[in-house]
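Asks: The sequence and its predicted three-dimensional model are supplied below.
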Amino acid sequence: MATMPSSLPGGQSAAHAWFQTPAGRAVIDAQASPVAEALRQRPGQHWLWLGPGAAAGPEDARGLRLAVAEGGWQGDIACSLPLPLPNDSFATAVLQHAVPAVGEADALLAEVARILVPGGRVWMFVLNPLSPYRWRWRGTGLSAAEPLTWRRRLRRHGLVPDPVSQGVGPSWRVEATSPPQHGPGLRAAYLLQAEKRELPLTPLRQRAGLRLPQGVPAA
């Protein structure tokens, strides 16, 4: 995929610099396996990965890797919202703690829904507000929300979330953890997946044609 040179000044946002600390690295390292699974799920198709600069990605010409930076993202290209990417062009979007500023969640999800192909999937990694690990990012400016909040946001933009999320990362101690678990539990973060559906889940009932006085149905 053709790319543009990075031109945004500065590095990561101040909040996302936390992911470079030992506590933050433990969260990112725990997500390496599911991120790799997401990127190889659709061989030969394009993927977009937005996340902290602390995360390392594969060398893949079909992928676009962008790190959170002040005012947007930078990496293979430098950009902010709206994303300078064509409609229906990516099969997979990985949003790894990717919202650059509070209040931009809906704008980002709208853009992701726009660039995904029908049947494309979103893999969202979100900090868990119920985890004891939240005390390690307290005061950094990072935000966290429960799965129900993100499911509502995803549906609002035509993305159909999976019914169950997966907990990833440590619960309190800064150390490697076991594979993702069913439900977020007390893990530091969780993974929520959603799909862009080409057709609505519930078929729309066809409306009856309006009939003119002569009994001829209107177009």
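Replies: Nice, thanks for sending it over.

Asks: Report the buried residues of the strand or helix carrying L148.
Replies: Following DSSP states H and E, one finds L148 within helix 147-156. Residues of helix 147-156 classed as buried: 147, 150-151, 153-154 (neighbour count, 16 or more other CB atoms under 10 Å). Any C-beta I mention is one placed from the backbone N, CA and C, and that applies to glycine too.

Asks: Who is the closest residue to V94 other than its chain neighbours paired with across the strands?
Replies: Among residues not flanking V94 along the chain, W49 sits closest, at 4.3 Å (CB to CB, 6 or more residues apart in numbering). For W49, the beta-bridge partners are R65, V94 (DSSP bridges).

Asks: Looks like W49 contacts V35 (just checking).
Replies: Yes: assessed by CB atoms under 8 Å, W49 is found in contact with V35 at 7.4 Å.

Asks: Mind checking which of those two has more residues around it?
Replies: Higher neighbour count among W49 and V35: W49, with 26 against 22, using other CB atoms under 10 Å.

Asks: So that one versus L39, what's the distance?
Replies: Between W49 and L39 the computed distance is 7 Å (CB to CB, to the nearest Å).

Asks: Using PDB, list the CA coordinates for stretch 165-175.
Replies: C-alpha atoms of stretch 165-175 as PDB (Å, rounded to 0.1, in the frame of the first residue of the first chain):
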ATOM      1  CA  SER A 165     -15.100  -9.800  25.500                       C
ATOM      2  CA  GLN A 166     -11.800 -11.300  26.500                       C
ATOM      3  CA  GLY A 167      -9.700 -10.100  29.400                       C
ATOM      4  CA  VAL A 168      -6.000  -9.600  28.600                       C
ATOM      5  CA  GLY A 169      -3.000  -8.400  30.600                       C
ATOM      6  CA  PRO A 170      -2.100  -8.500  34.300                       C
ATOM      7  CA  SER A 171      -4.600  -7.900  37.100                       C
ATOM      8  CA  TRP A 172      -2.300  -6.100  39.600                       C
ATOM      9  CA  ARG A 173       1.400  -7.300  39.500                       C
ATOM     10  CA  VAL A 174       3.600  -6.100  36.700                       C
ATOM     11  CA  GLU A 175       4.300  -9.500  35.100                       C
END
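
Asks: How confident was the prediction at the closest residue to Q96 other than its chain neighbours?
Replies: In space, and not counting its chain neighbours, Q96 is closest to G51: 3.1 Å by CB to CB, 6+ apart. With respect to pLDDT, G51 scores 89.

Asks: What backbone torsions are found at G51?
Replies: Dihedral angles of G51 (phi, psi; degrees, to the nearest 10) stand at phi -170, psi -180.

Asks: For the residue nearest to G71 when sequence neighbours are not counted, grab the count of nearby residues.
Replies: The shortest distance from G71 to any non-neighbouring residue, by CB to CB, 6+ apart, is to S80 (5.6 Å). Look at S80: counted by other CB under 10 Å, it has 17 neighbours.
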